[in-house]
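Undergrad: give me a model of this one.
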Amino acid sequence: MQALLRYTVLALAAAALAGCMLRSSAAGEKSKPAARAVDLVDDARIQRDMIQRTKAMLDAGETSPMEKLFAQRKRTRCSAKLPQASTEKLTPAEIYRRLRHGVLVVTAIQKVEEPDIYFGSSATGFVLTSSGIIVTNYHVVHDHDAEAIGVGTVDGRFFGVKEVLAADKTSDIAVLQTTGNNLTPIPLAADAPVGSPVTVISHPNFHFYVLTHGVVSRYYTEQHNGARRMAITADFAKGSSGGPAINEFGAAAGLVVSTETIYYDAVEDDPRNPQMTIKACATSRDILKLFKPR
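TA: Numbers count the residues shown, from 1 in each chain. As a prediction, the model looks like this:
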């Protein structure tokens with residue numbers, strides 16, 4: 001199985017950068033009806049800003065050092081009022097327009113030998129409450145070489161991580177309290193039926209805010225640890241860890257975890273003839289188990 005975390009390395013600039021993560025195309029000519037603006041994602045800017053702002057938050061004490069988060073991963077339950085899912089059906093375009101603001105870039109920074117040079121990971125998370133509770137994968141907060149984690153939104157806001165509220169290593173889920181507020185939460189859904197549509201918004205390999213669409217293909221248990229999984233056909237890749245698999249009602253039915261490519265044959269650990277890739281998600285049912293009943 002491949003965990004879906006992605007790294008880059010960038011130099012820290014002396015000046016802090018401001019501005020949004022998205023840029024819009026120019027307006028149409030005055031003689032023509034105005035077309036709907038297309039959001040252009042500046043991948044290089046997002047990478048750079050996430051590393052720089054996470055380092056700045058660590059220096060200012062606005063995000064917790066990683067060793068503090070490691071100690072909190074033993075917590076198994078937390079309490080929060082989660083939003084209810086809607087009964088309104090949404091198209092994938094509507095899901096992207098409404099809910100991408102609740103999908104987060106999660107960056108863990110790691111210093112290298114040279115002064116002021118930091119590695120930065122790229123993973124995904126999503127908002128559970130407007131008061132800053134988010135969810136991502138356990139393995140995203142499992143990097144013992146990282147110094148701190150920062151979180152960013154599509155509109156260019158940045159937040160530190162205060163603490164781990166609850167975690168499940170087997171299911172690969174971590175619930176975090178960030179310093180954010182007035183965020184856009186994505187509700188959690190009960191299990192989506194096999195064959196029902198799902199939409200993923202995530203950050204594969206530093207391609208930020210990518211939408212893919214597919215269906216739930218089955219539910220199963222992992223052979224090596226017994227974790228419950230939801231398999232989907234919507235694409236994702238490294239960097240997508242922690243992204244939401246959203247049902248047609250705009251609620252997350254699962255959390256992106258890993259991929260497993262099936263090969264026709266392999267010679268001395270040299271895989272050949274790839275046939276298909278299983279895309280596994282933790283279920284929202286397992287996320288909800290981390291919250292105390294209200």
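Undergrad: which parts of this structure are helices?
TA: 43-59, 66-72, 92-99, 284-288 (DSSP state H).
Undergrad: centre of the chain to the shortest one, how far?
TA: Okay, so that is helix 284-288. 16 Å (Cα atoms, centre = their mean, to the nearest Å).
Undergrad: same check on the second one?
TA: Relative to its chain's centre, helix 66-72 lies at 20 Å (Cα atoms, centre = their mean).
Undergrad: neighbouring contacts of it?
TA: Contacts of helix 66-72 with the rest of the structure, by Cβ atoms under 8 Å, 6 or more residues apart in numbering, involve 108, 141, 143-144, 146-149, 161, 163-165, 167. All C-beta spots, glycine's among them, are computed from the backbone N, C-alpha and C.
Undergrad: quick check: bridge partners of the residue lying closest to G152 once chain neighbours are set aside?
TA: Distances taken as Cβ to Cβ, 6 or more residues apart in numbering place V105 nearest to G152, at 4.3 Å, with adjacent residues excluded. Here V105 sits in beta bridges with T124, G152, going by DSSP bridges.
Undergrad: correct me, but V105 touches M50?
TA: Yes: with contact defined as Cβ atoms under 8 Å, V105 reaches M50; the gap is 5.7 Å.
Undergrad: shared neighbours, the two?
TA: 122, 152.
Undergrad: neighbours of H224, just the number please.
TA: 7 (other Cβ atoms under 10 Å).
Undergrad: got the helices of the chain as TSV, with mean pLDDT and mean neighbour count columns?
TA: Below are the helices of the chain laid out as TSV (pLDDT from 0 to 100; neighbours: other Cβ atoms under 10 Å):
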stretch	mean pLDDT	mean neighbour count
helix 43-59	95	21
helix 66-72	95	16
helix 92-99	97	17
helix 284-288	96	19
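Undergrad: who wins for proximity to I278 among those?
TA: Nearest to I278 among these is helix 284-288; the distance by Cβ to Cβ comes to 18.0 Å.
Undergrad: what is the closest one packed up against?
TA: strand 173-178, strand 252-267 (3 or more Cβ pairs under 8 Å, 6 or more residues apart in numbering; DSSP states H and E).
Undergrad: what sits up against that helix?
TA: Contacts for helix 284-288 (Cβ under 8 Å, 6+ apart): 82, 135, 168, 171, 173, 175, 188-191, 227-228, 251-255.
Undergrad: hmm, back to that, what is the nearest of the contacts of helix 66-72 to L183?
TA: V161 (13.6 Å).
Undergrad: quick check: the closest one touching G180?
TA: No: look at V161 against G180 with Cβ under 8 Å: they stay out of range, at 9.7 Å.
Undergrad: any common contacting residues for these two?
TA: V151.
Undergrad: hang on, the earlier thing: what is the nearest of the contacts of helix 66-72 to N205?
TA: Minimum distance to N205 across these is 16.2 Å, recorded for A108 (Cβ to Cβ).
Undergrad: quick one, what contacts the closest residue in space to that closest one that isn't next to it in sequence?
TA: Nearest non-adjacent residue to A108, counting by Cβ to Cβ, 6+ apart: A146, 3.9 Å away. Residues in contact with A146, defined by Cβ under 8 Å, 6+ apart, are 66, 108-110, 121.
Undergrad: re earlier: buried only: go through the contacts of helix 284-288 for me.
TA: 82, 135, 168, 171, 173, 175, 188-189, 191, 227-228, 251-255 (16 or more other Cβ atoms under 10 Å).
Undergrad: sort those by pLDDT and name the bottom one.
TA: Confidence by pLDDT is poorest for D191 among the buried ones among the contacts of helix 284-288, given 81.
Undergrad: which residues touch it?
TA: Contacts of D191 (Cβ under 8 Å, 6+ apart): 219, 230, 253, 283-285.
Undergrad: centroid residue for this structure?
TA: T124 (1.7 Å; Cα atoms, centre = their mean).
Undergrad: so that residue touches V256, yeah?
TA: Yes: contact criterion Cβ under 8 Å: T124 and V256 qualify, at 6.7 Å.
Undergrad: shared neighbours, the two?
TA: In contact with both T124 and V256: 202, 240-243, using Cβ under 8 Å, 6+ apart.
Undergrad: between those residues, which sits nearest D116?
TA: Of the shared contacts of T124 and V256, the one sitting nearest to D116 (Cβ to Cβ) turns out to be S241, at 27.1 Å.
Undergrad: quick one: residues contacting A167.
TA: A167 touches 72-76, 138, 141, 173-175, 290, counting by Cβ under 8 Å, 6+ apart.
Undergrad: count of residues packed around R73?
TA: 16.
Undergrad: likewise for Y219?
TA: By other Cβ under 10 Å, the residues close to Y219 number 17.
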